[in-house]
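*Asks:* Any chance you can model this:
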Amino acid sequence: MENWLPLILGYLFIFGARVIDMSLDVLRILMLMRDRRMQAAIIGFVEVTVFVLALNEVLKGGLHDPGKIIAYAGGFATGNYIGSLIEEKLAMGFISIQIFPPSGLANQFASILRKEGFGVTSVIGCGRDGERTILFVLIKRKDLNKALQLIDQICPEAFFNISDAKRIHGGVFPVKKGK
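*Replies:* Numbers count the residues shown, from 1 in each chain. Below is the predicted model:
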């Protein structure tokens, strides 16, 4: 049993290091996408340090141990998954929602969203069936669920798309109550 302990600890180190390394990779990319270069550089430094330590452990004694490769690959996959969960919880930055409400509901959509503190810009576009109102709503990522619930309450069949907003300036955003 004692002969297996160092081997198992080695596998766990490789796996854990890759989970940390890949979780940091997801966060580093997020920081780059949000124009937070200094944070991305610091995270990248730590990420690559952990990566080198994990890779060193894998390469010790050659690549003849399939357990090391499985631990490395498993840590990679798990780190991506955990990194995405962390990114979701942080909900950093802003997103843009374009809503294409059914005819006659554009004013109701805009009114309810504005009442909840969201900034809404409406424009007239021309679609396959003629003129159509398009609502543009720029929101903090952490407010996405609230906005989606409002859209669902008003008209669950409404067509909308969501895209990442890299950089913004100005605008109207909900203020936390009590501040």
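
*Asks:* Which strand in the protein has the most residues?
*Replies:* Ordering each strand of the chain by length in residues (DSSP state E) puts strand 130-140 first.

*Asks:* Now the host helix or strand of Ile95 - C-alpha only, CSV.
*Replies:* Assigned by DSSP states H and E, Ile95 belongs to strand 94-100. Output of strand 94-100 as CSV, limited to C-alpha atoms (Å, rounded to 0.1, in the frame of the first residue of the first chain):
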residue,chain,number,x,y,z
PHE,A,94,-21.7,43.8,-20.1
ILE,A,95,-23.9,42.2,-22.7
SER,A,96,-26.2,43.5,-25.3
ILE,A,97,-29.7,42.1,-25.9
GLN,A,98,-31.5,42.8,-29.1
ILE,A,99,-35.2,42.1,-28.8
PHE,A,100,-37.5,41.7,-31.8
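
*Asks:* And the host helix or strand of Ala71, what does it pack against?
*Replies:* Using DSSP H and E, Ala71 sits in helix 66-90. Other elements packing on helix 66-90 under the criterion 3 or more CB pairs under 8 Å, 6 or more residues apart in numbering; DSSP states H and E are helix 4-33, helix 37-59. Bear in mind the C-beta positions are built from the backbone N, C-alpha and C, glycine included.

*Asks:* cutoff 6 Å now
*Replies:* In terms of contacts (3 or more CB pairs under 6 Å, 6 or more residues apart in numbering; DSSP states H and E), helix 66-90 is packed against helix 4-33.

*Asks:* before we move on, the earlier item: partner strands of the longest strand of the chain, parallel or antiparallel?
*Replies:* Using DSSP bridges, the strands paired with strand 130-140 are strand 94-100 (antiparallel), strand 120-127 (antiparallel).

*Asks:* ok, and which of those strands has the densest surroundings?
*Replies:* Comparing the strands paired with strand 130-140 by mean neighbour count (mean count of other CB atoms under 10 Å), strand 94-100 ranks first with a mean of 18.
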